[in-house]
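In: Any chance you could fold what I've pasted below:
(one chain, ligands or ions: 1)
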Amino acid sequence: MRYSYQRELIKDIVRSSKTHPNAEWVFCEAKKKVENISLGTVYRNLKILENTGKIKSIHDDNQVRYDGNIEDHHHLKCVKCGALIDTDIQSNFDRKKIMDDYDFEPNEVKFFILGKCKKHTK
Ligand SMILES: [Zn+2]
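Out: Next up, the predicted model:
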């Protein structure tokens, strides 16, 4: 199946990248394997992969980046180059407490630890 091949390919690209790429980057990588793939196809498959829990998206300022690491984790973000670095710090907030105390349904914690990556600390 052509479409599932493309979806697998896109999933593999995101999963094998540690850089938290955006859709354009995934598109460029996918093009190396499937010459006639369109950006629309990449976007559509990224959405499907996200909706089915195969990858995660990160809203980083005004761009969406994709994360193949679907474990609960937070990121260090370099303010110089924008690098996002995975950590094993988790967002284990008490969902029920927030719902009970604030009558608010939490979906996502946006939490970057800002600083400088090793290329920019010297
Ligand atoms: Zn990550």
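In: Identify the structural domains in the protein and state their residue ranges.
Out: Here the domain parsing of the chain from automatic domain parsing is 2-67, 75-120.
In: which of the ones you listed sits most buried?
Out: domain 2-67 (a mean of 16; mean count of other Cβ atoms under 10 Å). Placement of C-beta: from N, CA and C, glycine included.
In: All the helices of this protein, residue numbers only.
Out: 2-16, 23-33, 39-51, 95-102 (DSSP state H).
In: Could I get the average pLDDT for the last one?
Out: Right, the one you point to is helix 95-102. On average, the pLDDT along helix 95-102 is 91.
In: Distance from the chain centre to it, please.
Out: Per Cα atoms, centre = their mean, to the nearest Å, the displacement of helix 95-102 from the mean C-alpha position of its chain is 26 Å.
In: One more: stretch 64-71?
Out: Using Cα atoms, centre = their mean, the offset of stretch 64-71 from its chain centre is 3 Å.
In: Equivalent analysis for stretch 6-23, please.
Out: 9 Å.
In: which one is residue 27 nearest to, not counting chain neighbours?
Out: Spatially, and ignoring its direct neighbours in sequence, residue 27 is nearest to residue 42 (4.5 Å; Cβ to Cβ, 6 or more residues apart in numbering).
In: Test my guess that residue 11 contacts residue 53.
Out: No - counting by Cβ atoms under 8 Å, residue 11 does not reach residue 53; the two are 11.3 Å apart.
In: how about the closest residue to residue 60 other than its chain neighbours, what does it touch?
Out: Closest residue to residue 60 apart from its sequence neighbours, by Cβ to Cβ, 6+ apart: residue 84 at 7.0 Å. Contacts for residue 84 (Cβ atoms under 8 Å, 6 or more residues apart in numbering) come out as 19-20, 58, 60, 65, 75-78, 112.
In: Now distance to residue 6 too, for these, in a markdown table please.
Out: Putting the contacts of residue 84 into a markdown table (distance: Cβ to Cβ, whole Å) gives the following:
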| residue | distance to residue 6 |
| --- | --- |
| 19 | 21 |
| 20 | 21 |
| 58 | 22 |
| 60 | 25 |
| 65 | 20 |
| 75 | 28 |
| 76 | 32 |
| 77 | 30 |
| 78 | 32 |
| 112 | 31 |
